[in-house]
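K.L.:
quick one, what's the 3D model for this:
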Amino acid sequence: MTKTGLVFFVSALAALAQPSKTTLFVGAWPGKVVVIDEASYSITKEIPLKTGVARNMLLSPDKKRIVITTMKDSGIEIIDTATQQLVDSFQLNTSNTRVRFGGVALDPTGKLLYAVITTAEKQIDRFAITPSQFAVIDLDQKKIVRTAEYPKDEFAGGGRGQYRVSPDGKSLYQFGENVLVFNTSDFKLVEKIELSRAQYPGLESIGVMNADDPHDPPGVYTGIFNSTDPVVHKRVFGIAQFDLNSRKFKFDAIGTPVAGMAGFRLTPDHKTGYSVAVEGEHGDRRTEFWVFDIPGHKVVRKGVFNGRTRFTFGSSSNGKHLFIYGAGNTIEVYDAVTLQLIKDLDVNADMTTQVVAVLPAGSPAAR
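P.N.:
Numbering: from 1, shown residues only. Next up is the predicted model:
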């Protein structure tokens with residue numbers, strides 16, 4: 001075989017190994033990952049986990065692996081997205097030490113997992129609890145290779161998915177009431193972007209989902225923000241974009257906020273956005289889909305739906321369907337145009353993570 005022919009053969013094999021259609025993965029009770037064909041919204045497989053219930057699911061930058069953290073044994077499990085097989089599994093707990101994950105984020109190589117953790121060491125008469133600390137977990141070596149103290153004057157937060165690593169791997173971002181920027185080399189705090197001050201007067205926390213929107217540009221994260229005018233105290237909400245490369249924000253105010261906004265998703269062409277608005281409580285609770293004209297910075301459509309008490313909001317890879325799921329065993333699929341329910345998929349288990357979408361090789365969002 002000629003050199004050119006060999007290169008072509010290897011390239012063809014690599015293409016065959018990539019998914020030919022969009023596949024959805026979601027963690028579920030008591031310890032498995034459910035695999036769903038997005039085209040038919042049918043379950044095609046269940047992947048058992050070895051270390052307990054999935055708590056976080058992170059898609060590697062090359063889209064070839066899903067890295068999962070679990071609860072019972074503080075485990076880390078890895079799924080190959082092409083074969084849909086569990087290819088690695090290990091745990092951080094030892095016979096007398098328990099590790100608890102806070103926020104987690106993958107580095108650009110997909111080989112290092114950055115986490116904020118606490119540990120509990122069983123001693124003769126008590127458990128010794130450590131303060132929050134940074135940890136770097138080498139997924140090949142299957143262990144924590146580096147730790148550092150978390151700044152005592154800052155709040156580490158217990159939320160999942162509020163951490164991101166810059167595309168060059170040099171900075172770790174924490175999103176919350178402020179945006180904290182740490183060096184990944186020594187975890188020193190190098191910048192604190194105080195959202196309520198200076199060029200962002202009255203701005204409150206930025207909502208960042210723990211499952212990345214595949215239609216966000218590389219290194220850019222889009223979320224909902226609320227702001228209160230410091231003079232007349234008028235509240236507004238809008239859409240914020242944060243560029244991890246330049247550390248620059250872009251804000252587009254939309255209108256008067258409601259009690260809660262759940263998530264934000266873009267269509268592939270970035271011209272339309274979707275979110276869920278929640279108002280009222282108990283019997284007076286009202287849940288609505290809100291559709292945004294992104295270039296026009298306005299809400300163009302709303303649609304009421306029967307929202308469960310707790311839920312997660314998502315969308316299909318082509319932007320044609322909206323998902324309501326979590327805190328239960330069903331994924332409700334809505335038409336993004338009519339905002340009407342078209343499918344109620346029963347996964348036969350309570351879901352414990354957000355849906356991770358693996359797009360076909362060659363699609364713009366998969367690059």
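K.L.:
pull the residues that contact the helix or strand hosting residue 323.
P.N.:
Per DSSP states H and E, residue 323 falls inside strand 321-325. With contact meaning CB atoms under 8 Å, 6 or more residues apart in numbering, strand 321-325 is reached by 26, 265, 274, 276, 289, 305, 307-308, 311-316, 331-336, 339, 342, 351, 355. Backbone N, C-alpha and C define where each C-beta goes, glycine included.
K.L.:
who does it pair up with?
P.N.:
In the sheet, strand 321-325 lines up against strand 312-315 (antiparallel), strand 330-335 (antiparallel) (DSSP bridges).
K.L.:
circling back: which of the contacts of strand 321-325 count as buried?
P.N.:
Neighbour counting by 16 or more other CB atoms under 10 Å classes 26, 265, 274, 276, 289, 305, 307, 311-316, 331-334, 336, 339, 351, 355 among the contacts of strand 321-325 as buried.
K.L.:
next, the buried residues of the strand holding residue 323.
P.N.:
Within strand 321-325, the residues that qualify as buried are 321, 322, 323, 324, 325, counting by 16+ other CB under 10 Å.
K.L.:
and for stretch 29-48?
P.N.:
Buried, per 16+ other CB under 10 Å, within stretch 29-48: 31, 32, 33, 34, 35, 36, 38, 41, 47.
K.L.:
and the residues you listed as TSV, adding pLDDT, secondary structure and distance to residue 293?
P.N.:
Converted to TSV, the buried residues of stretch 29-48 look like this (pLDDT from 0 to 100; DSSP: H, G, I helix; E, B strand; the rest coil; distance: CB to CB, whole Å):
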residue	pLDDT	secondary structure	distance to residue 293
31	93	coil	42
32	96	strand	40
33	97	strand	36
34	97	strand	34
35	97	strand	35
36	97	strand	30
38	95	coil	26
41	96	coil	28
47	97	strand	39
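K.L.:
list just the nearest of the residues you listed to residue 240.
P.N.:
Nearest to residue 240 among those, counting by CB to CB, is residue 38 at 28.0 Å.
K.L.:
ok, the closest one - contacts?
P.N.:
Shown in contact with residue 38 (CB under 8 Å, 6+ apart): 21, 22, 23, 24, 316, 317, 357.
K.L.:
make it 6 Å
P.N.:
By CB atoms under 6 Å, 6 or more residues apart in numbering, residue 38 lies in contact with 22, 24.
K.L.:
relative orientation of the helix or strand harbouring residue 288 and strand 330-335 in degrees?
P.N.:
If you go by DSSP H and E, residue 288 is part of strand 286-293. Following axes from the mean of the first three to the mean of the last three CA atoms, to 10 degrees, one obtains 40 degrees for the angle between strand 286-293 and strand 330-335.
K.L.:
which is the succeeding secondary structure element to the host helix or strand of residue 342?
P.N.:
Element membership for residue 342, per DSSP H and E: strand 341-346. Downstream of strand 341-346, the first helix or strand assigned by DSSP H and E is strand 356-358.
K.L.:
quick check: neighbours of that following strand in the sheet, parallel or antiparallel?
P.N.:
Strand pairing (DSSP bridges) places strand 356-358 next to strand 23-28 (antiparallel).
K.L.:
just the closest of the buried residues of strand 321-325 to residue 225, please.
P.N.:
Nearest to residue 225 among these is residue 322, at 21.2 Å by CB to CB.
K.L.:
now the spatially closest residue to that closest one that is not a sequence neighbour: how far from residue 251?
P.N.:
Spatial nearest neighbour of residue 322, excluding adjacent residues (CB to CB, 6 or more residues apart in numbering): residue 334 at 4.4 Å. Distance, residue 334 to residue 251, using CB to CB, to the nearest Å: 28 Å.
K.L.:
and the end-to-end length of stretch 123-134?
P.N.:
End-to-end span of stretch 123-134 (CA to CA, to the nearest Å): 23 Å.
K.L.:
so which bits of it are buried?
P.N.:
Of all the residues in stretch 123-134, those buried under the rule 16+ other CB under 10 Å are 132, 133, 134.
K.L.:
chain center to the helix or strand containing residue 145, what's the gap?
P.N.:
Under the criterion of DSSP H and E, residue 145 resides in strand 143-149. Relative to the chain's own centre, strand 143-149 is displaced by 23 Å; criterion: CA atoms, centre = their mean, to the nearest Å.
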